Every structure is written in structure tokens, then in C-alpha cells.
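Undergrad: structure of the sequence below:
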Amino acid sequence: MKQRKHYIDNLRLMCILLLIPYHTAMAWNVWGEGNYILLGQSRILSSLVVSVSPWYMTLLFLLAGISASYSLEKRSNREFSKERVRKLLLPLLAGTATIVPILCFVSDRTNNHWQGNFWQHYPAFFTKWTDLTGYDGGFTIGHLWFLLYLFVISMISMPVISWQKKSFKNTPFQHTNAAAVMLMMWLALALSRVELGGKSIVTYLLLYLLGYFVLSEDKVIDRLQKRRFLYLLLWIVFSAADVWLFLWSGKEYGIVNLVLSYCAGCFGIMTMLSVGKNLLSRTNSFLQFLSAQSFLIYIFHFPWVVALQYLFSGMNQNNTFIFCATTICALPATVLTSILVRNIPVVNILFGAKK
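TA: Prediction:
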């Protein structure tokens with residue numbers, strides 16, 4: 001039986017914590033993408049977003065696939081499905097009803113100059129159906145799309161996993177070499193143009209399965225470790241080129257940026273896995289505590305980010321102040337909210353948390 005690996009939990013926690021500065025920086029994106037609150041444009045903060053975007057969510061789905069391989073060794077498909085409902089579907093529904101309306105309320109006030117209070121806006125959230133982004137105050141599931149996609153992918157994957165166990169039980173996934181991993185990962189990322197609701201469920205599904213079947217094998221990760229410094233160098237080169245051409249060159253490169261983004265995503269994931277196993281395979285009580293809160297941190301971080309940006313932007317117009325103050329304050333506020341939710345009966349069940 002596979003032993004749980006601390007570096008998987010630590011990488012997941014790192015990606016989720018990274019969402020706080022990432023979503024904070026989105027308020028200053030320079031390519032005109034909508035957001036719940038927009039505070040101007042900054043190429044420096046946009047560089048943070050562009051450098052992180054190619055790999056952080058894809059890595060989360062891949063890590064989910066690895067974790068599922070451990071989970072399904074201890075649980076039946078039925079038990080696993082019940083767990084997915086409890087940890088993903090229930091929080092999706094509860095969060096859509098309680099957390100996401102806060103985002104859309106702030107969005108309506110900042111983007112459309114809504115003058116009413118939150119409770120006056122709350123019914124409009126459920127009755128205003130437009131592009132499902134929520135940037136106009138209308139209905140959306142917001143950042144909880146991750147829970148929806150992960151739930152759907154988990155359900156879709158189970159028949160595939162059962163079929164493999166029945167028909168190809170002795171498939172030697174542990175012999176997969178680094179070149180094959182890189183090729184499969186690059187192909188999965190290249191299919192990101194096949195979108196549903198603005199997100200590529202095909203890419204996320206393939207990475208989830210890649211994590212489940214291949215990258216859950218220690219021998220495969222050990223092979224990646226041997227070239228971790230090469231992957232790190234290539235990630236830095238491709239990511240820097242992508243950021244420079246997209247944000248700082250003053251020209252449009254289209255397909256070149258797309259290819260650079262795929263390469264940065266591929267080598268970014270491989271760097272995180274190989275370097276992560278080398279540096280993050282330890283744990284302590286603090287990391288275990290934060291890892292236990294990771295899904296709740298994901299759910300509650302965004303309303304705190306948007307609310308704090310709204311508050312701080314009314315106090316000071318300096319972008320550096322707003323970004324730093326929001327990033328610093330959002331983490332403890334989110335963690336405290338997670339602890340509170342975990343300890344409130346019924347509410348903790350709705351958000352998939354145990355006391």
C-alpha cells in the first residue's frame with residue numbers, strides 16, 4: 001500500500017496559499033480581463049499573475065489525482081463517492097449560496113455603482129443570469145468552479161480506474177520515463193483550448209489521470225528528481241520569456257506566447273514535483289494544521305481578498321499599499337474563518353469540514 005507523502009500535502013497547501021496574492025494582483029491586470037474589483041493596471045503585478053497561471057491550477061488537479069490513488073487503496077468506489085459529495089459537492093452548494101454573493105455584491109458596487117446594501121442585492125444574485133462570471137453582480141459559482149470540476153472529474157474517472165484495475169491490472173506505470181511524462185503533460189496542456197465555461201475540463205481530467213496512474217509512483221518521481229535543476233532552469237527561461245513577450249515587449253506574439261505558456265506550465269509542474277519531493281517531504285504540527293484547513297482556505301480566501309481590497313482602496317489609492325495590506329491581512333482572516341467554520345455544528349458539515 002502506498003504511504004501518504006507529505007510533499008503532496010505541502011505542494012497543495014502552497015498552491016492554495018499562492019491564490020491570495022494571485023487573486024489580489026488580478027485587480028490590476030493589464031489585458032482587460034474582468035474581476036470582482038478593478039483598481040487600475042500594473043505590469044509588475046500582472047507579471048505575478050502571468051508567471052503563476054500556467055501551472056498552479058493544473059498542478060492542483062494533478063495532485064488531486066495522486067491523492068485519489070492513495071484514497072482508493074483504502075476506500076471502495078462507493079465510499080470514495082460519498083467522500084467527494086461531502087468534501088466537494090456540499091461545500092460547492094453552501095459556498096454558492098453564502099460566500100459567492102459577497103463577491104458579486106462588491107463587484108456590483110465597484111463595477112456598476114450599485115447603491116443598495118448586501119441584503120438588497122442578495123436576491124438579485126440568484127435572479128440575474130448573464131455571462132456567469134459574476135463581474136456584473138449576476139449569478140456565478142465564482143472560484144468554486146474548482147470544486148465543481150474536481151467533483152465531476154472524480155466521478156468520471158472512477159469507471160476509467162475500475163476498468164484499468166479489471167482489464168490492465170499489471171500495467172507497469174512505474175516504468176514511465178521522464179520524457180513520456182513530459183510529453184503526456186504537454187499534450188494535456190495543449191488541449192486547454194477545449195473549454196467549458198472558460199475552463200478546460202479535458203486538460204484537468206487528463207492531468208488528474210496522469211497523477212493517479214503515473215505520478216503517484218515513487219519511482220517516476222525519483223526519475224524526475226534527477227533532472228530537477230534542468231526543469232527549474234527551463235521553467236525560469238520559458239516563464240520569463242512568456243512574461244516579457246506578453247506584458248513588456250509592446251507587441252503581440254499570439255501563438256508564440258501560447259507555446260511558451262504550455263512549456264512554462266509543463267516544466268513548472270515538473271519542477272514543483274521534483275524539487276517539492278526533495279525539499280517538502282517533511283512536516284510539523286503547523287504545516288499539518290494548515291494542510292487540514294486547505295480546502296476551507298480555498299473556499300474563504302477570495303471574499304476576504306475582495307472585501308479587504310474594497311476597504312483599503314477607500315483608505316489609500318497607493319497600489320503597493322493596497323496589494324500588500326490585502327495580502328498580509330487576508331491570510332490570517334481566512335485561517336480564522338476556517339477554524340470558526342470547522343467548529344460550528346452543521347456549518348462544518350455544509351463546508352465539508354470535520355471538527
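Undergrad: where does the closest residue in space to Thr334 that isn't next to it in sequence land in three-state SS?
TA: Residue nearest to Thr334 in three dimensions, not counting chain neighbours: His301, with 4.6 Å by Cβ to Cβ, 6 or more residues apart in numbering. C-beta here means a position set from N, CA and C on the backbone, and glycine is covered the same way. Classification of His301 using DSSP: H, G, I helix; E, B strand; the rest coil returns helix.
Undergrad: got it, and Leu48?
TA: Applying three-state DSSP: Leu48 is helix.
Undergrad: right, and it touches Pro21 too?
TA: Yes - with contact defined as Cβ atoms under 8 Å, Leu48 reaches Pro21; the gap is 6.5 Å.
Undergrad: all helices for the stretch 251-355 of the chain, in order.
TA: Remark: helices assigned in the stretch 251-355 of the chain by DSSP state H, counting those that start in this stretch are 255-279, 285-292, 294-315, 319-342, 347-350.
Undergrad: give me the helices and strands touching the shortest one, please.
TA: Going back to what we said before, that points to helix 347-350. helix 90-98, helix 319-342 (3 or more Cβ pairs under 8 Å, 6 or more residues apart in numbering; DSSP states H and E).
Undergrad: of those, which is nearest Ser192?
TA: For the helices and strands packed on helix 347-350, the distance to Ser192 is smallest for helix 90-98, at 22.4 Å, taking Cβ to Cβ.
Undergrad: what helices or strands is the next helix or strand after the closest one leaning on?
TA: Going down the chain from helix 90-98, the next helix or strand is helix 100-111, by DSSP states H and E. On a contact count with 3+ Cβ pairs under 8 Å, 6+ apart, helix 100-111 meets helix 118-127, helix 294-315.
Undergrad: find the nearest non-adjacent residue to Asp108, please.
TA: Per Cβ to Cβ, 6+ apart, closest to Asp108 is Gly137, 3.1 Å.
Undergrad: what about the one you found, how many residues nearby?
TA: Gly137 has 24 neighbours, counted by other Cβ atoms under 10 Å.
Undergrad: what's the answer for Lys169, then?
TA: Neighbour count for Lys169, taken as other Cβ under 10 Å: 7.
Undergrad: SS state for it?
TA: Classified using three-state DSSP, Lys169 is coil.
Undergrad: kindly provide the distance from it to Ser162.
TA: As defined by Cβ to Cβ, to the nearest Å, Lys169 lies at a distance of 11 Å from Ser162.
Undergrad: please enumerate the helices of the stretch 1-150 of the chain.
TA: Per DSSP H, counting those that start in this stretch, the stretch 1-150 of the chain carries helices over the ranges 6-25, 43-52, 56-74, 77-84, 90-98, 100-111, 118-127, 145-167.
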